[in-house]
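Undergrad: Attaching a predicted model along with its sequence, questions to come.
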Amino acid sequence: MTGGGGNYFEDFRAGQALIHGPARTVSAGDVALYTALYGGRFAPQSSDEFARALGLPAAPADDLLVFHLVFGKTVPEISLNAIANLGYAECRFLKPVFPGDTLSARSEVLGVRENTNRESGIVYVRSTGFNQRQEPVLSYARWVMVRKRSADVDVPAGQAPKLAPAVDAHELAIDRDLSFETFDRQGTGGSKLFEDFAIGARIDHGDAMTVEDAEHMMATRLYHNTARVHFNAHAEKQGRFGRRIVYGGHVISIARALSFNGLANAWFVRGINAGRHVAPCFGGDTVYAWSEILDKAKPQGRDDFGYLRVRTVATKDRPCGDFPYKAGGDGTYDPSVILDLDYWVLVPKA
Amino acid sequence: MTGGGGNYFEDFRAGQALIHGPARTVSAGDVALYTALYGGRFAPQSSDEFARALGLPAAPADDLLVFHLVFGKTVPEISLNAIANLGYAECRFLKPVFPGDTLSARSEVLGVRENTNRESGIVYVRSTGFNQRQEPVLSYARWVMVRKRSADVDVPAGQAPKLAPAVDAHELAIDRDLSFETFDRQGTGGSKLFEDFAIGARIDHGDAMTVEDAEHMMATRLYHNTARVHFNAHAEKQGRFGRRIVYGGHVISIARALSFNGLANAWFVRGINAGRHVAPCFGGDTVYAWSEILDKAKPQGRDDFGYLRVRTVATKDRPCGDFPYKAGGDGTYDPSVILDLDYWVLVPKA
Amino acid sequence: MTGGGGNYFEDFRAGQALIHGPARTVSAGDVALYTALYGGRFAPQSSDEFARALGLPAAPADDLLVFHLVFGKTVPEISLNAIANLGYAECRFLKPVFPGDTLSARSEVLGVRENTNRESGIVYVRSTGFNQRQEPVLSYARWVMVRKRSADVDVPAGQAPKLAPAVDAHELAIDRDLSFETFDRQGTGGSKLFEDFAIGARIDHGDAMTVEDAEHMMATRLYHNTARVHFNAHAEKQGRFGRRIVYGGHVISIARALSFNGLANAWFVRGINAGRHVAPCFGGDTVYAWSEILDKAKPQGRDDFGYLRVRTVATKDRPCGDFPYKAGGDGTYDPSVILDLDYWVLVPKA
């Protein structure tokens, strides 16, 4: 008998419900590890005092830590036999999560589509994370290429679901307890507020981080993410890339932490419109990042903050002073690009 | 003067009491690091909510984290001058430990026996860990080969103590507050309960983990374990193996975390019958594991759980699909085997 | 636009006030990571129970963790464009810090002095860390060589401030709530108390630790210290040393943890008289340490503890049994020396 085999493409059906277990209590230890792994310095997540001044009971867990914890819960049922994690859409952060909260996850299969080679197919899911009061804290769609157990099995024809090209800013969750009227403007590590960003502006985040194998494995285990390619150097030596692959979410968190340089007051990720892991990242790679302001939006009935739609691009082993992105007219990426992330952040007004 | 020299073989006498200090408070941070280092996903240790539904006040610390913390406390007085950690026996986990509890340790020397080369000898100890209420939480016997300060010193003839070949299942501690009647069967990450395991069944745990030097050193320091061979690459270059040796307990925790695949509901380690570090593990090695169900037992007066006696075998750089163990008729191990652990786990009934 | 550019030499003026943000709440997770990274075993920091017996509400954060957290806060405004961190003086630890406390930092420029090459200059600052009640917890002076944005800019002549060659023992902060009358003498991991140390005594700390890149980067991010040379292997390949440089404070913490062997009851760092990073440390280096008792002092009005003035010297890849320090008559250091730290520690009396 072999334990932990996971699902194969032919095990998925549109409409299928997947329950992921076990639940995972978030602790002050998880938060400290997240800081040690990425170095995030955003004020509300760094200081209980600062968070309380905004109306929160304590410093919330980083939004992306919540994302990774929920994502990790879904791996055993969804992506243990994945060939590639293809994309994200319709991601919304719905409630803040604090140390002491317990996260669980459920998913629904939105659609399946076999590849023409009959050896794999694409599975579309919507996953939702819940806190211990069964309130949804996060919801997102994801599609992933999953191996078939056997190419010979016939699978009913399926289809891809319709997913929104972006989250409408008016659908982003608003926490009514939060207030951005009176926070200490000098205590955030950055001076730029919502009004200071123009659509089209580009920011080189300047710093960079070299990824160590010990770091990405500790992160990925912290998230209960058991995808094998991240952990087994012995098997991966014979694998596609000859070595362990860094969990894509690790790169997202590095890029987000780097973005503090220039986006220090982009305090909360409220939605992810689209995300693509353009190329794999490996231990020893150095990750740089830059961002572009794609759009700005104002929430209804609130005048103390706004939303920036940001594209953050991460590269490996290449500084971002000249904003590397798509290289030629054909839409292909610069060979250094490893992440293309399009998301909404909340930024307080002046 | 040189600090921290530790005891040598001739410093030990049967009956001697050893007090280990300082005490160590277990925190939510220790628990998070343990998760990041091994990726354990057992439900009661992962979720405060799940633990409370069993009657516990919160998620307990992983049993093996408690083992390592108590073991680490004993190193300065017992094994700083050890050549090899030879074995464990009569290990029982007596009380759950929670973040906020403070652990201390005491040991008694059970016996000593000089080696014929007069350069070292075997020291047998029983170590007990206590919480801040002086309740024993863990007790185990261990024997270790310790250097003599000088081969010339005459040491009185001693003898090995009699140790039980296995812990009797009826002597395993039962926590009366725990109840396994009503837990969420879908929320544990595994479907197999006590009734689903047959004696003799073998499970390949499938996953594997490559060990990094940064990881095992962080783990070993977390446990206050100061044995030098784990930390000093400069001196070990001239040592027996030419490099740092991974703390054997690190391999035990990796194997236990891997065993979730197939043994997801083996929630608590209640006893260790025997443990042997068959071969050393080094940074860069990839650890695989498989288990065999050796025996089953039922606790007196309880019908909601049972005990599985499990042998978990860990290998390095070798998958376990064919259950590598002892290679030939002569009882020698397959050269890939690094750990042979025989222990009792508590598994709820259906 | 480039984010996070930091100040250059010509941006500093004597008397200038610098506010550092954001604040940082210390958690049990930070404390656990600090233990995992250095392995400190001092009793009051290891055990809530032990700390309470001294009159503290809980185990305090390690003094040097507090130092690093405050130091890290100051990096963006002071040393992002530093060439070298030259020295520390007049450092006093003023209040214990506990998990749950929130640290912020402010600095004052004490003086500036341009280098004759006009390409850089030395900036002298006094930095102070505060808790959430705005009580100072730590104050220190530091001088650092900072690049000019342009050699062509004329900078007014400045001068170095007068800094005390050592902190007067009578100016060290005394916590009136602390009492060392009744603690468990057997539970500290070391037998030597204040009376057992003679001025001039030297202690080889025996153990050593090999530094891994993953470790020093996790530490440095934990401290919110963003100095680039620690994180970017890709850029540092073209840099001064061809690789990432370990944050000097990481070496201080390793040396302090190693000093437990021999100085187990040197529980609190109360002041730092002088500190010098004599040579850089890199991933893969093995750090050894030894200490000398430089002086002893008694606090006014207290008879339960004393202060030891200690010099701790750290080397790389060289054992310290013969106390390597300054090599010849000309005051140059032995080539193995990387740290020369002169500080006051509190040690209880018998």
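TA: Noted; the coordinates are in hand. This is a predicted model, so every value here is computed, not measured. Numbering: from 1, shown residues only, chains lettered A, B, ... in the order given.
Undergrad: switch to C-alpha atoms for all contacts and neighbour counts from now on
TA: Will do.
Undergrad: ok, residue A:59 to chain C distance?
TA: In this view, residue A:59 and chain C are 9 Å apart by C-alpha to the nearest C-alpha, to the nearest Å.
Undergrad: Need phi/psi at that residue.
TA: Main-chain torsions, residue A:59, degrees, to the nearest 10: phi -60, psi 120.
Undergrad: That one touches residue A:98, doesn't it?
TA: Yes: judged on C-alpha atoms under 8 Å, residue A:59 makes contact with residue A:98 at a distance of 7.0 Å.
Undergrad: more crowded one of these two?
TA: Higher neighbour count among residue A:59 and residue A:98: residue A:59, with 25 against 22, using other C-alpha atoms under 10 Å in any protein chain shown.
Undergrad: wait, what's in contact with the more buried one?
TA: Contact partners of residue A:59, counting by C-alpha atoms under 8 Å, 6 or more residues apart in numbering or on different chains, are A:44-52, A:98.
Undergrad: How are the strands of the stretch 151-300 of chain A distributed by residue range?
TA: Secondary structure of the stretch 151-300 of chain A (DSSP state E, counting those that start in this stretch): strands located at A:202-210, A:268-277, A:286-297.
Undergrad: mean confidence for the longest one?
TA: Confidence for strand A:286-297, expressed as mean pLDDT, is 98.
Undergrad: mind checking how far residue A:111 is from residue A:87?
TA: 14 Å (C-alpha to C-alpha, to the nearest Å).
Undergrad: What's the local residue count around residue A:248?
TA: By other C-alpha under 10 Å, neighbour count at residue A:248 equals 20.
Undergrad: In the stretch 1-150 of chain A, what residue lies closest to chain C?
TA: residue A:29 (3.8 Å; C-alpha to the nearest C-alpha).
Undergrad: distance between the strand or helix carrying that residue and the chain's centre?
TA: Assigned by DSSP states H and E, residue A:29 falls within helix A:28-38. Counting by C-alpha atoms, centre = their mean, to the nearest Å, helix A:28-38 is centred 16 Å from the centre of its parent chain.
Undergrad: just checking, what packs against it?
TA: Here helix A:28-38 touches helix A:213-222, helix A:248-258, helix B:28-38, helix C:28-38, helix C:213-222, going by 3 or more C-alpha pairs under 8 Å, 6 or more residues apart in numbering or on different chains; DSSP states H and E.
Undergrad: Determine which of the ones you listed approaches residue C:306 most closely.
TA: Closest of these to residue C:306 is helix C:28-38, at 25.7 Å (criterion: C-alpha to C-alpha).
Undergrad: Convert the C-alpha atoms of the closest one to CSV, please.
TA: The C-alpha coordinates for helix C:28-38 follow below in CSV (Å, rounded to 0.1, in the frame of the first residue of the first chain):
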residue,chain,number,x,y,z
ALA,C,28,6.7,34.2,21.1
GLY,C,29,7.5,33.3,17.5
ASP,C,30,10.4,35.7,17.3
VAL,C,31,11.8,34.3,20.6
ALA,C,32,11.5,30.7,19.2
LEU,C,33,13.3,31.7,16.0
TYR,C,34,16.0,33.4,18.0
THR,C,35,16.5,30.1,19.9
ALA,C,36,16.5,28.1,16.7
LEU,C,37,19.1,30.4,15.1
TYR,C,38,21.5,30.7,18.0
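Undergrad: Give me the contact list for that helix.
TA: With C-alpha under 8 Å, 6+ apart as the criterion, helix C:28-38 contacts A:28-33, B:27-30, B:32-33, B:217-223, C:40, C:61-62, C:65, C:99, C:215, C:219, C:222, C:253-254, C:257.
Undergrad: Quick one: end-to-end length of stretch A:2-16, please.
TA: End residues of stretch A:2-16 are separated by 24 Å (C-alpha to C-alpha).
Undergrad: What's the mean pLDDT across that stretch?
TA: pLDDT averaged over stretch A:2-16 gives 89.
Undergrad: what does it contact?
TA: A:76-81, A:108-112, A:120-123, A:146-149, A:153, A:155, A:158, B:203-207, B:260-263, B:321.
Undergrad: Of all the residues in that stretch, which ones are buried?
TA: Within stretch A:2-16, the residues that count as buried by 16 or more other C-alpha atoms under 10 Å in any protein chain shown are A:3-5, A:7-10, A:12-14.
Undergrad: Quick one: work out the angle between the helix or strand of chain A with the lowest mean pLDDT and helix A:248-258.
TA: Within chain A, confidence by mean pLDDT, DSSP states H and E is lowest for strand A:82-93 among all helices and strands, at a mean of 93. Interaxial angle, strand A:82-93 versus helix A:248-258 (axes from the mean of the first three to the mean of the last three C-alpha atoms, to 10 degrees): 40 degrees.
Undergrad: any idea how far the closest residue to residue A:164 other than its chain neighbours is from chain B?
TA: What sits nearest to residue A:164 in space, not counting adjacent residues and going by C-alpha to C-alpha, 6 or more residues apart in numbering or on different chains, is residue A:90, at 6.5 Å. Look at residue A:90 and chain B: by C-alpha to the nearest C-alpha, they are 26 Å apart.
Undergrad: coming back round to it: farthest pair in the buried residues of stretch A:2-16?
TA: So, the buried residues of stretch A:2-16 by C-alpha to C-alpha: farthest apart are A:3 and A:14, at 25.7 Å.
Undergrad: In contact with the residue nearest to residue A:164, which residues?
TA: A:139-141, A:163-167, A:271-274.
Undergrad: how about low-confidence regions in chain A?
TA: Across chain A, the ranges flagged by pLDDT under 70 are A:1.
Undergrad: what about the longest helix in it?
TA: As assigned by DSSP state H, the longest helix anywhere in chain A is helix A:63-78.
Undergrad: With just CA atoms, put that one into PDB.
TA: The C-alpha coordinates for helix A:63-78 follow below in PDB (Å, rounded to 0.1, in the frame of the first residue of the first chain):
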ATOM      1  CA  ASP A  63      -2.900  38.100   3.500                       C
ATOM      2  CA  LEU A  64      -0.500  36.000   1.500                       C
ATOM      3  CA  LEU A  65       0.200  33.800   4.500                       C
ATOM      4  CA  VAL A  66      -3.500  33.100   4.700                       C
ATOM      5  CA  PHE A  67      -3.500  32.400   1.000                       C
ATOM      6  CA  HIS A  68      -0.600  29.900   1.300                       C
ATOM      7  CA  LEU A  69      -2.200  28.200   4.300                       C
ATOM      8  CA  VAL A  70      -5.500  27.700   2.500                       C
ATOM      9  CA  PHE A  71      -3.700  26.700  -0.700                       C
ATOM     10  CA  GLY A  72      -1.600  24.200   1.100                       C
ATOM     11  CA  LYS A  73      -4.700  22.600   2.600                       C
ATOM     12  CA  THR A  74      -6.000  22.000  -1.000                       C
ATOM     13  CA  VAL A  75      -2.900  20.300  -2.300                       C
ATOM     14  CA  PRO A  76      -3.500  16.700  -1.200                       C
ATOM     15  CA  GLU A  77      -6.900  16.500  -3.000                       C
ATOM     16  CA  ILE A  78      -6.100  18.800  -6.000                       C
END
